[in-house]
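> Sequence and computational prediction follow.
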Amino acid sequence: MPCRTGAEESRQQHLHWLAEHVIDWSAVPRVHIRPTVAVLLAPHDHVGSVYELTGPATLDLDGLAEQYARALGRPITAERLPYDQWADRLAGSPLTPHVQQHIATMTRLHREDRYNRSTTDVERITGRPPRTAEQYVRERRDLFDGRRDDGALLTRPPTS
């Protein structure tokens, strides 16, 4: 599995990659995947495997906005901020510097098209195709439609 980031990029991703390879070099049986029911029920079938879990198709920012719009039944428009402007907004967030640096690196890698891939691994493992972004948002609309658990509308920031 190639390293998708280097030490000069996300320290967290680099350390994760390094830890995976240290385990690979050992004789310890391993599976590189977050636990899923299929793996947990028959882990011996997956020892030595590396899975890349992706959605059913690659999406650019406009494609993602289209799927959100269809799921929510309202217009959603992608906004492409210059990276530095976006990073400045992130820096003003309450997230820890560790999390900010990791998110900033992943964002930059997405912008560079370094995560642009789709695999069939989800379906091979679970027997079901992965959900689209539209399906995920539609199934969890309450998380995206600006309503609290009690049904009250949340205040949305004004659109410009």
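Ah, there it is.
> Distance check, E66 against V137.
Using CB to CB, to the nearest Å, E66 is found at 11 Å from V137. Every residue, glycine included, has its C-beta placed from N, CA and C.
> and what of T126?
20 Å.
> One more: L81?
22 Å.
> higher neighbour count, those two?
Taking other CB atoms under 10 Å, L81 and V137 do not tie; V137 has more neighbours (21 against 10).
> how about the nearest residue to A91, chain neighbours excluded?
Q100 (6.4 Å; CB to CB, 6 or more residues apart in numbering).
> Let me know how buried M106 is, in neighbour terms.
Neighbours of M106 (other CB under 10 Å): 18.
> What values do phi and psi take at it?
phi -60, psi -40 (degrees, to the nearest 10).
> For it, give me the pLDDT.
On the pLDDT scale, M106 is placed at 82.
> what's the distance between it and R128?
26 Å.
> repeat for T105
According to CB to CB, T105 and R128 sit 31 Å apart.
> next one: Q135
Applying CB to CB to Q135 and R128 gives a distance of 11 Å.
> ok, and the closest non-adjacent residue to E134?
Q67 (3.8 Å).
> remind me which residues of the protein are low pLDDT?
Scanning the chain for pLDDT under 70 picks out the ranges 1-10, 12-41, 146-160.
> gap between the residue nearest to S93 when sequence neighbours are not counted and A87?
Among residues not flanking S93 along the chain, Q100 sits closest, at 6.8 Å (CB to CB, 6+ apart). Distance of Q100 to A87, given as CB to CB: 8 Å.
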